[in-house]
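>>> Dropping a prediction and its sequence here:
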Amino acid sequence: MSQRTLITGAQVVFPEGIRAANVLVEGHQILAIDPPSTARVDETVNAKGLHLIPGVIDDQVHFREPGFEHKEDLHTGSLACAKGGVTTFLEMPNTNPATVTIEALHDKLERAASKCVVNFGFYIGATAENVDVLQQAKRTPGIKIFIGSSTGNLLVDSQAALERIFAETTLPICAHCEDESTVRANRERIGSNPSLADHSKIRDHAAALIATQRAVDLAIRYKHRFHVLHVSTAQEVEFLRGRPDWVTAEACPHHLFFQIEDYDRLGSQVQMNPSIKTAADNVALWEGLRSGVIEVIATDHAPHTLEEKAQAYPKSPSGLPAVENSLALMLDASYRGLCTLEQVVAWMCAAPARVWDIKNKGAIREGFDADLVLVDLAKRQTIRNEEQLTKSQWSPWHGVELTGWPVRTWVRGQTVFQNGKVDSDVRGAEAEYQR
Ligand code: DOR
């Protein structure tokens with residue numbers, strides 16, 4: 001008989017709203033909401049004063065295995081997830097080897113099954129030559145295209161290759177949208193000695209907008225499901241306002257919270273692709289989220305070591321770790337009145353499950369997986385580099401105090417994070433897709 005746990009006394013965030021409810025978990029599933037008092041219960045968790053939310057699904061992380069395990073690996077990335085209330089991650093293909101073959105995809109799935117404490121999925125990467133692979137791939141949320149180059153060499157910017165991918169494949173597509181020729185022209189204009197602040201002039205507003213327009217044009221012409229990753233500009237938000245419903249978009253915490261002025265304070269720690277932009281862009285992204293133009297929040301967790309980041313620009317690599325603080329950052333945003341708790345859950349849990357057709361996740365519902373997070377909206381805690389579980393051991397938010405933190409995480413009914421500690425023996429499962 002499977003173990004039954006009753007989580008009692010919490011305010012539960014349902015798709016319909018927040019209310020007090022008891023949630024009965026059996027094995028890996030949510031068995032019942034408000035079960036009868038006669039129901040068998042093996043363990044009771046008193047969650048009075050706390051809120052219960054579905055586990056966060058982060059649809060954009062880079063966990064660096066195989067190939068760059070000195071920065072992160074699937075185990076350490078998953079530990080950081082568990083601590084941060086992320087119960088499912090979808091990982092990007094710019095590893096070494098890149099995930100551009102069925103063998104590489106299955107290799108990652110096997111590695112993850114043996115070492116990840118949360119649930120997992122892996123995108124299949126597009127190249128100019130692998131349409132046949134993109135057509136065959138099954139155990140994946142979708143296809144990732146780097147329409148602009150970033151870390152790694154997975155660039156597809158020829159129009160003919162892009163047309164083929166949109167025309168001849170059926171899996172949903174997501175893309176990194178920064179226009180390569182605009183980036184190159186900006187780089188040449190700025191000259192051979194760029195400084196860090198030039199990063200946002202090289203990867204400027206136009207580069208982001210042009211690539212997003214180009215990709216959305218393809219998605220519309222081929223009526224192909226398409227997700228714009230990490231929107232970073234007010235102009236893209238305006239452009240996306242008229243998108244059809246098969247085009248979705250996402251924002252990342254660093255584009256919501258950081259601005260170009262932060263290069264002075266944080267240096268290359270906030271060097272990202274797409275680059276961070278202005279305060280006006282932060283405001284526009286928030287408005288885009290609130291008005292539903294942008295539906296998803298994901299981190300683009302992209303760890304590099306502090307030594308790598310300390311190299312002089314442009315040798316310093318782009319990317320920052322965020323997966324263990326993203327939920328707290330958003331809970332703190334709701335504490336500060338920037339959004340509501342229901343919106344945080346909609347953007348971080350429900351929307352990614354919907355965008356990627358993930359089965360039985362993203363909501364607290366009978367029959368769904370018991371991927372659950374208890375959050376304490378009053379808990380104040382300061383982010384500290386030395387406490388980070390990401391192998392890179394730093395955060396651009398080091399020293400920042402946030403109000404609202406995950407305090408307990410369940411992955412498929414198993415407690416994986418509690419009392420500040422992650423249980424590294426728990427194992428998550430491969431995400432399943434409803435299609
Ligand atoms: O800044 C970034 N770093 N953006 C990306 O899209 C890739 C990432 C990485 O893998 O380092």
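The structure has been received and is ready for your questions. Residues are numbered from 1 along each chain as shown.

>>> how about stretch 3-21: buried residues?
Neighbour-count burial for stretch 3-21, counted by 16 or more other CB atoms under 10 Å, picks out 4-14, 18, 21. Every residue, glycine included, has its C-beta placed from N, CA and C.

>>> taking these one by one, which sit in strands?
Of the buried residues of stretch 3-21, the ones assigned to strands by DSSP state E are Arg4, Thr5, Leu6, Ile7, Thr8, Gln11, Val12, Val13, Phe14, Ile18.

>>> The buried residues of stretch 3-21: which two are farthest apart?
Pairwise distances across the buried residues of stretch 3-21 (CB to CB) peak at 24.3 Å, for the pair Arg4 and Ile18.

>>> So in this structure, which helix runs the longest?
When the chain is parsed with DSSP state H, its longest helix is helix 205-221.

>>> for that one, packing partners?
For helix 205-221, the packing partners by 3 or more CB pairs under 8 Å, 6 or more residues apart in numbering; DSSP states H and E come out as helix 159-168, strand 173-176, helix 180-190, strand 226-228, helix 234-240, strand 247-251.

>>> please redo it, this time with the cut-off set to 6 Å
Using 3 or more CB pairs under 6 Å, 6 or more residues apart in numbering; DSSP states H and E, the elements in contact with helix 205-221 are helix 180-190, helix 234-240.

>>> deepest of these, which one?
Most buried of the helices and strands packed on helix 205-221, by mean neighbour count (mean count of other CB atoms under 10 Å): helix 234-240, with a mean of 20.

>>> Flag the shaky bits of the protein, pLDDT-wise.
Counting by pLDDT under 70, the chain contains no low-confidence range.

>>> Out of the helices and strands packed on helix 205-221, which is closest to Gly404?
Nearest of the helices and strands packed on helix 205-221 (CB to CB): helix 234-240, 25.5 Å.

>>> by how many degrees do the longest helix of the chain and helix 180-190 diverge?
Between helix 205-221 and helix 180-190, the angle comes out at 170 degrees (axes from the mean of the first three to the mean of the last three CA atoms, to 10 degrees).

>>> tell me the angle helix 205-221 makes with strand 247-251.
Using the same axes, to 10 degrees: helix 205-221 against strand 247-251 is 150 degrees.

>>> Not counting helix 205-221 itself, show me its contacts.
If you take CB atoms under 6 Å, 6 or more residues apart in numbering as the criterion, helix 205-221 is touched by 147-148, 162, 166, 175, 177-179, 182-183, 226, 228, 232-233, 235-236, 247, 274.

>>> That helix vs helix 159-168, what angle?
Going by the same axes, to 10 degrees, helix 205-221 makes 40 degrees with helix 159-168.

>>> Get me the contact residues on the chain for the ligand.
Proximity of the chain to the ligand, by CB under 6 Å from any ligand atom, involves residues His62, Asn94, Ser150, Thr151, His176, Met272, Asn273, Asp300, Ala302, Ser318, Gly319.

>>> can I assume the third one is in contact with Ser275?
The one in question is Ser150. No: if you go by CB atoms under 6 Å, Ser150 and Ser275 don't touch, sitting 10.9 Å apart.

>>> Look at the two and report which has more neighbours.
Between Ser150 and Ser275, counted using other CB atoms under 10 Å, Ser275 has the larger neighbour count: 28 against 22.

>>> How about the contacts made by that one?
Neighbours of Ser275 in contact, by CB under 6 Å, 6+ apart: His199, Ser200, Arg203.

>>> For the first one, what are phi and psi?
Main-chain torsions, His199, degrees, to the nearest 10: phi -50, psi -40.

>>> Run a quick neighbour tally on it.
Neighbours around His199, by other CB under 10 Å: 24.

>>> For the residue in the stretch 101-250 of the chain that the ligand sits nearest to, grab the count of nearby residues.
Per CB to the nearest ligand atom, Thr151 is where the stretch 101-250 of the chain lies closest to the ligand, at 3.2 Å. Neighbours of Thr151 under the rule other CB under 10 Å: 18.

>>> which SS class is it?
coil (DSSP: H, G, I helix; E, B strand; the rest coil).

>>> can you tell me how far it sits from Gly125?
Distance, Thr151 to Gly125, by CB to CB, to the nearest Å: 12 Å.

>>> Could you verify that Ser392 is part of a strand?
No: counting by three-state DSSP, Ser392 is not part of a strand but coil.

>>> Grab the nearest non-local neighbour of it.
For Ser392, ignoring the flanking residues on the chain, the nearest one in space by CB to CB, 6 or more residues apart in numbering is Pro303 at 3.7 Å.

>>> Against Ile53, how distant is the nearest residue to Arg241 once chain neighbours are set aside?
Nearest residue to Arg241, sequence neighbours excluded (CB to CB, 6+ apart): Val293, at 5.4 Å. Computed as CB to CB, the Val293 to Ile53 distance reads 23 Å.

>>> more neighbours, those two?
Remark: of Val293 and Ile53, Ile53 carries more neighbours, 28 against 22, as counted by other CB under 10 Å.

>>> Can you tell me the element that one falls in?
Assigning secondary structure by DSSP states H and E places Ile53 in strand 51-54.

>>> quick one: contacts of that strand?
Around strand 51-54, the neighbours that count as contacts under CB under 6 Å, 6+ apart are Ala10, Gln11, Val12, Val13, Val345, Cys349, Gly362, Ala363, Ile364, Val373, Leu374, Val375.

>>> how near is the fifth one to Leu6?
Spatial separation of Val345 from Leu6 under the definition CB to CB is 21 Å.

>>> Closest one of the contacts of Ser275 to Leu285?
Ser200 (15.0 Å).
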